[in-house]
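Colleague: Predicted structure and sequence below. I'll ask about it afterward.
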Amino acid sequence: MIVELVRRGEPPDMVLLAAMPEQPHTRPLIPLFRDWMDAHAVPNEMVEYKVTHCKHWPPYNDLLEACLTNGTLPSIAFGLHSCSARHKISPQDKWVKAWPPAQHAWGRGRNVVRLIGYDCSSRDNQRYAHREGHVSDLYDYRYPLREWGWDRDDCDRCIAGAGLPLFPKSSCFFCTSMKSAEVRALPPAELRLIVLMEARAAPRLRNVEGLWRRSTRTRPGSMTAFIRQEDLLDPVEIDAIIAEAPT
């Protein structure tokens, strides 16, 4: 969306990126795309949720640290979506409210236009149907990819045409929406953190087995059980992480 808007001479006034514990394949692409935006005069800022009151010790900053300190799983593992609202939407809203162009627009009784990158593929059609008709006193919402009738293939061609690598799905490396193949592709450091997170949360879990919630015919509800089943870490190391996890 951003690349095509630039090509059409309609660059966004600001692009915000929310700092999250991304999958390893996403992390190097963030500075790469920020360099591209800088080269094309697209203002961009990285925003991050700031914790003001830590409930437990040690203090924490991001979603990963919050889960480890509080001995819990991200809210999506319980069927909720507050992790995205708190760590992505909230810091962006806070940043925009302090942004002079937004303040100027609101002072004149105008809304700020938010650009949302839903395309015309089947999955984004579902997302759009969920959002359609959403009304805000501060924002108007525009969906450029849908205006152009673009699907994922159109997006891939646009990105490749700009000389950029294709961008895989972005998510936290411990997200409930992770596919089995994505977990298999994680390096050992991230796998160990998943085992530690589930071990910390295990004494307090009642209705879910782990990050994948409940077992299916194709995989267990616990990512730790999957890591063990697939021999992604040495079983002795997995047992040691679980045994040494603070209670």
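Modeller: Sure, I can see it. In this text, all values refer to a predicted model and were calculated from it rather than measured experimentally. Numbers count the residues shown, from 1 in each chain.
Colleague: tell me the mean pLDDT for the biggest helix by length in the chain?
Modeller: Identified as the longest helix of the chain according to DSSP state H is helix 188-201. Taken as a whole, helix 188-201 has an average pLDDT of 98.
Colleague: And stretch 62-81, by the same measure?
Modeller: pLDDT averaged over stretch 62-81 gives 92.
Colleague: again, but for stretch 206-221
Modeller: 96.
Colleague: still on that earlier bit, export the longest helix of the chain as PDB, just CAs?
Modeller: Taking C-alpha atoms only, helix 188-201 is exported to PDB below (Å, rounded to 0.1, in the frame of the first residue of the first chain):
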ATOM      1  CA  PRO A 188      16.700 -22.200  19.200                       C
ATOM      2  CA  ALA A 189      16.700 -18.900  21.200                       C
ATOM      3  CA  GLU A 190      13.100 -18.200  20.400                       C
ATOM      4  CA  LEU A 191      12.100 -21.900  21.000                       C
ATOM      5  CA  ARG A 192      13.600 -21.700  24.500                       C
ATOM      6  CA  LEU A 193      11.600 -18.600  25.300                       C
ATOM      7  CA  ILE A 194       8.400 -20.300  24.200                       C
ATOM      8  CA  VAL A 195       9.200 -23.200  26.500                       C
ATOM      9  CA  LEU A 196      10.000 -20.800  29.400                       C
ATOM     10  CA  MET A 197       6.800 -18.800  28.700                       C
ATOM     11  CA  GLU A 198       4.500 -21.800  28.800                       C
ATOM     12  CA  ALA A 199       6.400 -23.200  31.900                       C
ATOM     13  CA  ARG A 200       5.900 -19.900  33.800                       C
ATOM     14  CA  ALA A 201       2.200 -19.900  32.900                       C
END
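Colleague: so how far is it off the chain centroid?
Modeller: 18 Å (C-alpha atoms, centre = their mean, to the nearest Å).
Colleague: Report the buried residues of it.
Modeller: 190, 191, 192, 193, 194, 195, 196, 197, 198, 199, 200, 201 (16 or more other C-beta atoms under 10 Å). C-beta coordinates here come from the backbone N, C-alpha and C atoms, glycine included.
Colleague: quick one: the strands in the chain?
Modeller: For the chain, the strands defined by DSSP state E cover 15-18, 44-47, 112-115, 139-142.
Colleague: Next, the residues that contact the second one from outside, please.
Modeller: Counting by C-beta atoms under 8 Å, 6 or more residues apart in numbering, the neighbours of strand 44-47 from elsewhere in the structure are 14-19, 34, 37-38, 91-92, 94-95.
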